[in-house]
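*Asks:* from the sequence below, what's the structure:
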Amino acid sequence: MSNQNRCPHQWTQSDSFAPSWGQQTPTPGWLPACPPVDHVEPNPVFPVTATLPTCTPLQVLQTSPNTALVTVSIPAETIFTLPTKALEIKKIKKNLKITQCRFFNFSIPVFGKPQDTPKLFLAGFVRKDIQYSEPTRQTKHTVEGTIKDFVIDVPWSCVADLGNTLAIPPTLFNQQQEYEFLSTQPLPSGFSTKDHLMSGDISEFNQVSNEFLNQLPTCTLVFSQINEMDDALDREPLKWGPFEEGTFKKVQEKMIILIQLRLTWQTQIDPPCKG
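*Replies:* I've put the predicted structure just below:
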């Protein structure tokens with residue numbers, strides 16, 4: 001860091017003329033050897049956008065005026081690689097983790113236009129603790145190995161269309177209303193003395209602002225089920241072992257994730273009456 005502080009400024013443009021005495025001047029030994037300046041280009045910034053798959057709910061049941069049960073089936077697929085060669089998978093322990101359960105209400109209906117439906121944005125991952133046997137020694141009729149453990153998180157995400165059967169509390173929108181007072185002023189010359197200018201006072205600004213704080217429903221995981229199928233993609237025969245044995249590292253996994261969620265809306269204030 002100290003050498004860089006003592007380095008002279010490096011010009012980016014070439015000199016049009018350099019005298020011979022300047023080209024032959026040796027560099028003093030006490031000056032540090034400055035490294036060449038690298039031209040660094042900034043990394044481009046790409047927006048992160050994605051179209052989420054839509055998962056159709058198997059059931060949307062309104063159990064009370066403020067509670068609904070939503071059952072969703074989510075297909076997922078992934079390919080992962082084990083750290084070492086596996087003879088066979090002994091056990092897989094799975095746990096469902098939900099990182100997002102966000103209710104998204106529809107907007108105000110517009111006469112003569114299509115009406116959207118409320119959505120439920122879902123995301124999470126499945127934590128898989130895989131135990132498998134790794135062969136260490138084999139003969140023509142036997143295989144000896146050790147048990148290995150491998151943990152992997154398989155992400156998933158989708159959007160559930162809740163349809164138009166739920167009785168959902170309306171979304172209240174903020175309002176701003178202006179009001180004014182009558183102002184009476186005399187008219188200039190050219191008008192009758194009995195006449196006056198009557199209008200709103202443009203020298204003042206009066207406004208009433210209403211702010212409604214809508215509350216999102218709480219989301220609770222009630223039940224989950226994971227049905228999976230695992231297939232080895234690179235299985236090879238085990239050398240010098242029994243003829244039916246083989247090892248693999250790359251696994252393709254298909255899952256059907258069934259979850260049931262409870263949405264609960266808190267009691268909201270009544271919308272303002274339009275008089």
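
*Asks:* low-confidence ranges, the protein, go.
*Replies:* When residues are selected by pLDDT under 70, those of the chain lie in 1-50, 267-275.

*Asks:* in it, which spans are helices?
*Replies:* Secondary structure of the chain (DSSP state H): helices at 2-6, 20-23.

*Asks:* with adjacent residues omitted, what lies nearest to residue 165?
*Replies:* The spatially closest residue to residue 165, leaving aside those adjacent along the chain, is residue 60, at 6.2 Å (C-beta to C-beta, 6 or more residues apart in numbering). The C-beta positions use only the backbone N, C-alpha and C, and glycine is treated the same way.

*Asks:* give the contact list for the one you found.
*Replies:* Contacts for residue 60 were tallied using C-beta atoms under 8 Å, 6 or more residues apart in numbering; they are 68, 69, 70, 71, 162, 163, 165, 166.

*Asks:* any of those buried? List them.
*Replies:* For the contacts of residue 60, a burial check counting by 16 or more other C-beta atoms under 10 Å picks out 68, 69, 70, 71, 162.

*Asks:* what about those residues, which are in strands?
*Replies:* Among the buried ones among the contacts of residue 60, the ones falling in strands (DSSP state E) are 68, 69, 70, 71.

*Asks:* out of those, give me the two with the largest separation.
*Replies:* Maximum pairwise distance among those (C-beta to C-beta): 10.6 Å, between 68 and 71.

*Asks:* what residues do the two have in common as contacts?
*Replies:* Both residue 68 and residue 71 are in contact with 60, 61, where contact means C-beta under 8 Å, 6+ apart.

*Asks:* now residue 163. Its backbone dihedrals?
*Replies:* Torsion angles at residue 163 (phi, psi; degrees, to the nearest 10) stand at phi 70, psi -160.

*Asks:* got a list of what it touches?
*Replies:* Contact analysis of residue 163 by C-beta under 8 Å, 6+ apart lists 57, 60, 117.

*Asks:* cool, residue 143 as well?
*Replies:* Going by C-beta under 8 Å, 6+ apart, residue 143 touches 87, 135, 137, 238, 241, 242, 245.

*Asks:* how deep is the first one tucked in, by neighbour count?
*Replies:* To tie it back to what came earlier, the one meant is residue 87. Using other C-beta atoms under 10 Å, residue 87 is surrounded by 20 other residues.

*Asks:* can you give me phi and psi for it?
*Replies:* phi -80, psi -40.

*Asks:* measure the residue nearest to residue 165 to residue 266 for me?
*Replies:* 20 Å (C-beta to C-beta, to the nearest Å).

*Asks:* quick one, what contacts the residue nearest to residue 129 when sequence neighbours are not counted?
*Replies:* Spatially, and ignoring its direct neighbours in sequence, residue 129 is nearest to residue 93 (4.2 Å; C-beta to C-beta, 6+ apart). Residues near residue 93 by C-beta under 8 Å, 6+ apart: 128, 129, 131.

*Asks:* among those, which are in strands?
*Replies:* Reading strands off the contacts of residue 93 with DSSP E, I get 128, 129, 131.
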